[in-house]
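Peer 1: Predicted coordinates and the sequence they were generated for:
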Amino acid sequence: MTAPTPSPDIHPMHRRSDAEQARVDQALTELFEQRIRFNQLLGLKIESVQAGAVRARLDMRPELVGHHAYGRLHGGVSSAVLDAMGGLALMAAIAEHHPADSCPQVMQRFLKMATIDLRVDYLRPGLGAYFLATAEVTRLGARLGSTLMRLHSDSGSLIATGAAAYVVA
């Protein structure tokens, strides 16, 4: 993974090194996949933690089925995945917004994050062998952040979208 490009008003001497950025990326991935146990239960796997391009994959399993006769992904799983991805997008954006912070400093910034509003639109049945989730930050303020999220099936069909707001500080 490459380091995100910090905003141009940050002096190059105040940017995180490539090695430190790799540590931040690894720490975000570990937090998301292993330390947030619900994400681990779901089976979410990060494909990108780059700010502006976060992406994760969810492989379909019998435990995630919501409609036994059709084998559809449970709506609660779709909602949880979208919520998690919104949080990940904000984490990546916060890390990019503070390019001089070390990995421990970046990780400290996430301690107060919490979802305060979530809206999910279910567009198509969740059918597929796997699903890809993406998210983008629409606003990052000092206290609140907003995101838009998308969940696609393995065939590329958009099956759900979400919009969420989070406390970030």
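Peer 2: Noted; the coordinates are in hand. Everything numeric here is computed off the predicted structure, so don't read it as measured data.
Peer 1: got any ranges where this protein has weak pLDDT?
Peer 2: 1-13 (pLDDT under 70).
Peer 1: Heading C-terminal from the longest helix that the chain contains, find the next helix or strand.
Peer 2: Determined from DSSP state H, the single longest helix within the chain is helix 75-97. Under the assignment DSSP states H and E, the closest C-terminal helix or strand after helix 75-97 is helix 103-108.
Peer 1: contacting residues around that following helix?
Peer 2: Helix 103-108 is contacted from outside by 20, 23, 24, 27, 31, 94, 95, 98, using CB atoms under 8 Å, 6 or more residues apart in numbering. (C-beta placed from N, C-alpha, C; glycine too.)
Peer 1: residues near the last one, how many?
Peer 2: So that's residue 98. 17 (other CB atoms under 10 Å).
Peer 1: With adjacent residues omitted, what lies nearest to it?
Peer 2: The shortest distance from residue 98 to any non-neighbouring residue, by CB to CB, 6 or more residues apart in numbering, is to residue 106 (6.5 Å).
Peer 1: Just name the closest of the contacts of helix 103-108 to residue 138, please.
Peer 2: If you rank the contacts of helix 103-108 by distance to residue 138 using CB to CB, residue 94 comes first, at 14.3 Å.
Peer 1: count of neighbours near the nearest residue to the closest one once chain neighbours are set aside?
Peer 2: Closest residue in space to residue 94, ignoring its immediate chain neighbours: residue 109 at 5.4 Å, by CB to CB, 6+ apart. Neighbourhood size, residue 109 [other CB under 10 Å]: 16.
Peer 1: Likewise for residue 141?
Peer 2: 9.
Peer 1: for the longest helix of the chain, packing partners?
Peer 2: Here helix 75-97 touches helix 18-30, helix 37-42, strand 54-59, strand 65-67, strand 114-122, strand 130-140, strand 144-153, strand 158-167, going by 3 or more CB pairs under 8 Å, 6 or more residues apart in numbering; DSSP states H and E.
Peer 1: Turn those into CSV, columns for distance to residue 48.
Peer 2: Conversion of the helices and strands packed on helix 75-97 to CSV gives the following (distance: least, CB to CB, whole Å):
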stretch, distance to residue 48
helix 18-30, 9
helix 37-42, 15
strand 54-59, 4
strand 65-67, 27
strand 114-122, 21
strand 130-140, 9
strand 144-153, 14
strand 158-167, 18
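Peer 1: Output the ones you listed as CSV; include the columns mean neighbour count and distance to residue 83.
Peer 2: Listed next are these as CSV, based on neighbours: other CB atoms under 10 Å; distance: least, CB to CB, whole Å:
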stretch, mean neighbour count, distance to residue 83
helix 18-30, 17, 16
helix 37-42, 14, 10
strand 54-59, 21, 12
strand 65-67, 15, 16
strand 114-122, 13, 5
strand 130-140, 19, 10
strand 144-153, 21, 8
strand 158-167, 19, 6
